[in-house]
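Asker: Quick one, fold the following:
(2 chains)
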Amino acid sequence: AAGVIQSPRHLIKEKRETATLKCYPIPRHDTVYWYQQGPGQDPQFLISFYEKMQSDKGSIPDRFSAQQFSDYHSELNMSSLELGDSALYFCASTTSSRDRGNTIYFGEGSWLTVV
Amino acid sequence: AQSVTQLGSHVSVSEGALVLLRCNYSSSVPPYLFWYVQYPNQGLQLLLKYTSAATLVKGINGFEAEFKKSETSFHLTKPSAHMSDAAEYFCAVRVRGGKLIFGQGTELSVKP
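Answerer: Alright, predicted model coming up:
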């Protein structure tokens, strides 16, 4: 079965550079979530989209932005990168986020290292 | 606000022993609770979920969890640990709006 696809899997950037992470949800999933997991930390919610509209916002820095496109894939854009942005970034998807019983499926994550 | 608390950031068991990972929730509405496992350098995989149906939920890899409203708990258990169970385990609650709020995680080590 198709899973959530994230690219790139690994990314190394220098401070003050920009990075873009991509997420391709499971087919027919209409909701995408982005999470950030620092070393030894639990995943922290950043932002979510439902039917291409932002549906919720968490602890996402102003330097970060995201959007969901017509084909439901999503991109997380990170600018003015800081060392503290080094983390594993997860994308997750589900159908009908209003049904809290639906499973949220996670991608393998994108490792961002800022040097 | 809804939240989950995992007791014990690290649990160590011997191979073949009982695994018990603790999770307590805080919620003013019926919670939707999930357990995810994360192997080193990998993503989050769903083990099982509670969605207000049966209170004893069976998941993959021999894991199960019991929802106890009186104790506000959703502990994860496995009768006999295997070396391949060594991983990080996260309890999570699904809040209104749909996002998951995770606990702090419990690292499970399995000794031969």
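Asker: for chain A, what are the low-confidence residue spans?
Answerer: By pLDDT under 70, the low-scoring segments of chain A are A:1, A:97-98, A:100.
Asker: For it, just list every one of the strands.
Answerer: A:5-7, A:10-13, A:19-24, A:31-37, A:44-50, A:53-57, A:64-68, A:74-78, A:87-94, A:105-106, A:110-114 (DSSP state E).
Asker: Ok, which of those strands comes nearest B:Thr51?
Answerer: For B:Thr51, the closest of the strands of chain A is strand A:87-94, at 13.0 Å, according to CB to CB. To be clear about C-beta, it is placed using only N, CA and C from the backbone, and glycine gets the same treatment.
Asker: Same list (the strands of chain A) but as TSV, adding mean neighbour count and distance to chain B.
Answerer: Below are the strands of chain A laid out as TSV (neighbours: other CB atoms under 10 Å in any protein chain shown; distance: least, CB to the nearest CB, whole Å):
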stretch	mean neighbour count	distance to chain B
strand A:5-7	17	8
strand A:10-13	14	10
strand A:19-24	20	12
strand A:31-37	25	6
strand A:44-50	22	5
strand A:53-57	14	5
strand A:64-68	19	14
strand A:74-78	20	14
strand A:87-94	25	6
strand A:105-106	22	4
strand A:110-114	18	8
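Asker: want to throw those into TSV with distance to B:Ile101?
Answerer: As requested, those are exported to TSV (distance: least, CB to CB, whole Å):
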stretch	distance to B:Ile101
strand A:5-7	21
strand A:10-13	27
strand A:19-24	20
strand A:31-37	11
strand A:44-50	7
strand A:53-57	12
strand A:64-68	19
strand A:74-78	20
strand A:87-94	13
strand A:105-106	15
strand A:110-114	22
